[in-house]
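Sharing a sequence plus its predicted fold:
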Amino acid sequence: MIIGGGIAGLQGAIQLGRYKHRVLVIDKGEGRSSLCRSYHNILGWPDGVSGNELRSLGKLQAERLGVQFIQDEVTGLVRSEDGLMIGRSKGNQSLQAKTVLLAMGLSDRFPALPGLEQCLGLTVYVCPDCDGYEVNGRQTIVMGAGNVGAVMALTLTYWTQAITYINHEWQNKTVDDEHLEKLASHGIVHIDAALSEVVRSEFNGDFQGVFLDDGRMIAGERGFIAFGGNHVHSELARQVGIECLENKHILTDPRTKMTNIPGIWAAGDIGVHAEQLTIAMGEGSQAAIWIHKELVGAHRVTPTYRRDLQLEHH
């Protein structure tokens, strides 16, 4: 049973389908990858590919291998005394499996600004490691909250010096003196003001700037969001006693991706890593390989961990 039909879950499903296992994917039909209009850092897609296209192609590929899909959400998970995994879905279905792959990912926190979602992955970005290159030499607006947004603005100076940081939540999340000094030293314009709307081109829909609540329009060519407080969907993991870090990411064996609970694996953004689509894809396949070993009895997996891991959640 794979809980989550995003990139990690689909890649795991394809690998397990090729092993000829009976695989069920439970997917609620939305997620981080479904919001991204275009990924530009993936091998073989130099002109970009949307998350929805990857999800659609991945689902089709998995179905050809006999993988079954249910559009639903698993709300409860228990491990019986004989090791059987039993899930209860929002649609009141009882689901049973010998092994489970958790791939529910995370959700980025950002305000419901008109025009923002239509730009995500095209001209407004979330991850500097994925898309910092896209703002190279361009006038860039960072929309964020407190120090989290300030750090994003400073990170982007690797690619551009033309940066404006708008602290949307300035009334509750101020920028401390240390970060204010760093912003000033890099020539980053800092504005404490609430955002009201993302401005898009009437010609091609590209990001052109933002309107503030006070009526001002701040022009820009590209945007980044950095509000912090992303929601890691690890509630099911905690239900069954899976070890998580303070930021709610699941700790797994680095070799096998199995959690501390035998029979349950985790892959993708729900785990501890760089929150990259390509890494999620690899982890889905990696977990599936070791799930296969467990199912055929070729190897009894014993998880090992580094408990001193430190991870800054962004």
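Nice, I can see it.

Show me which positions of the longest helix seen in the chain end up buried.
As assigned by DSSP state H, the longest helix anywhere in the chain is helix 277-296. For helix 277-296, a neighbour-count test (16 or more other CB atoms under 10 Å) marks 277, 279-288, 290-292, 294 as buried. For every residue, glycine as well, the C-beta is placed using N, CA and C.

Would you report the backbone torsion angles of the residue lying closest to residue 65 once chain neighbours are set aside?
Nearest residue to residue 65 in three dimensions, chain neighbours excluded: residue 17, at 2.9 Å (CB to CB, 6 or more residues apart in numbering). Main-chain torsions, residue 17, degrees, to the nearest 10: phi -60, psi -40.

Hmm, residue 17 is touching residue 66, no?
Yes. Using CB atoms under 8 Å, residue 17 is in contact with residue 66, at 5.8 Å.

And the two? Which one has more around it.
Using other CB atoms under 10 Å as the criterion, residue 17 and residue 66 rank with residue 17 on top: 21 against 13.

Export stretch 116-128 to CSV, keeping only CA atoms.
Only the C-alpha atoms of stretch 116-128 are listed here, as CSV (Å, rounded to 0.1, in the frame of the first residue of the first chain):
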residue,chain,number,x,y,z
LEU,A,116,-0.1,33.6,-7.1
GLU,A,117,-0.8,30.0,-7.8
GLN,A,118,-1.0,30.6,-11.6
CYS,A,119,2.6,31.7,-11.5
LEU,A,120,4.1,28.9,-9.3
GLY,A,121,6.8,27.0,-11.1
LEU,A,122,6.7,29.4,-14.1
THR,A,123,7.8,32.8,-12.8
VAL,A,124,7.3,32.5,-9.0
TYR,A,125,9.3,29.8,-7.2
VAL,A,126,9.6,28.1,-3.8
CYS,A,127,13.0,26.4,-3.7
PRO,A,128,16.3,28.2,-4.5
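
buried residues in that stretch?
Buried, per 16+ other CB under 10 Å, within stretch 116-128: 116, 119, 120, 121, 122, 123, 124, 125, 126, 127, 128.

Narrow these to those in strands?
Residues of these located in strands (DSSP state E): 124, 125.

hey, where'd the strands end up in the stretch 51-200 of the chain?
Using DSSP state E, counting those that start in this stretch, the strands of the stretch 51-200 of the chain run over 68-71, 74-79, 85-89, 94-97, 100-102, 106-107, 124-125, 140-144, 163-167, 189-192, 195-200.

Any idea how many residues pack against the closest residue to residue 148 other than its chain neighbours?
Leaving aside its chain neighbours, residue 148 sits nearest to residue 228 (3.7 Å; criterion: CB to CB, 6+ apart). Look at residue 228: counted by other CB under 10 Å, it has 18 neighbours.

for the one 5 residues further on, same thing?
Neighbour count for residue 233, taken as other CB under 10 Å: 22.

give the contact list for the closest residue to it other than its chain neighbours.
Counting by CB to CB, 6+ apart, residue 233 lies nearest to residue 104, which is 3.7 Å off, once chain neighbours are set aside. Residues near residue 104 by CB atoms under 8 Å, 6 or more residues apart in numbering: 3, 4, 31, 233, 234, 236, 270.

Quick check: residue 93 vs residue 261, distance?
Noted for residue 93: a distance of 22 Å to residue 261, by CB to CB, to the nearest Å.

Who has more neighbours out of these two?
Between residue 93 and residue 261, residue 261 has the larger neighbour count (other CB under 10 Å), namely 19 against 12.
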